[in-house]
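> model this:
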Amino acid sequence: MMRVRLKADGRLVEILADGSERAMPPAPPEADARILAPSIQPDRPPQVDAGYARRVRSQTRLTQAEFAARIGVPIETVRNWEQGKRHPRGPARALLKLLDLAPDVAFSVLGPKSA
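Okay, here's the model as predicted:
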């Protein structure tokens, strides 16, 4: 089995048995279509982007730390959402949409502020 690692600069390298790395040749352009095409799902709703997550938090007038504590997630999670490194999925996306439309209701259900 071949072990592959994606480097920070976007290169793919093969991990050899002795732990060293060998650069892999770039994939031909037609491979991109074969790899990416199955993951494209036009009927799927778009993901909540970084700007949306940042806007929802700023509307609550809470810092990232306060917002994270109120919704019960680590502060790193909120930072990653707002920097576009991660996208909220499932329940987190639903909670952000609820906080966008009815923040008072959402926070009342989530409970009192943590000290």
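> just the pLDDT for the nearest residue to Leu12 once chain neighbours are set aside.
The shortest distance from Leu12 to any non-neighbouring residue, by C-beta to C-beta, 6 or more residues apart in numbering, is to Met24 (4.5 Å). C-beta: built from backbone N, CA, C; applies to glycine. Per-residue pLDDT puts Met24 at 83.
> ok, now which ones touch Met24?
Val4, Arg11, Leu12, Val13, Glu14 (C-beta atoms under 8 Å, 6 or more residues apart in numbering).
> just those residues now: which is nearest Leu62?
Arg11 (39.5 Å; C-beta to C-beta).
> middle-most residue in the chain, spatially?
In the chain, the centroid-proximal residue (C-alpha atoms, centre = their mean) is Arg86; its distance is 1.4 Å.
> thought that one was touching Arg79?
No - counting by C-beta atoms under 8 Å, Arg86 does not reach Arg79; the two are 9.2 Å apart.
> tell me the bridge partners for Glu21.
Glu21 forms beta bridges with Ile15, as assigned by DSSP bridges.
> mark out where each domain of this protein begins and ends.
Split into domains by automatic domain parsing, the chain comes to 3-37, 50-110.
> of these, which stretch is the most buried?
Highest mean neighbour count of the domains of the chain: domain 50-110, a mean of 15 (counted as mean count of other C-beta atoms under 10 Å).
> what about that domain, distance to the chain center?
12 Å (C-alpha atoms, centre = their mean, to the nearest Å).
> in this structure, which helix or strand is least confident?
helix 29-36 (a mean of 57; mean pLDDT, DSSP states H and E).
> next SSE after that helix?
Once the chain leaves helix 29-36, the next helix or strand it forms, by DSSP states H and E, is helix 50-59.
> mind giving me the packing neighbours of that following helix?
helix 75-83, helix 90-101 (3 or more C-beta pairs under 8 Å, 6 or more residues apart in numbering; DSSP states H and E).
> need phi/psi at Arg3.
Dihedral angles of Arg3 (phi, psi; degrees, to the nearest 10) stand at phi -100, psi 130.
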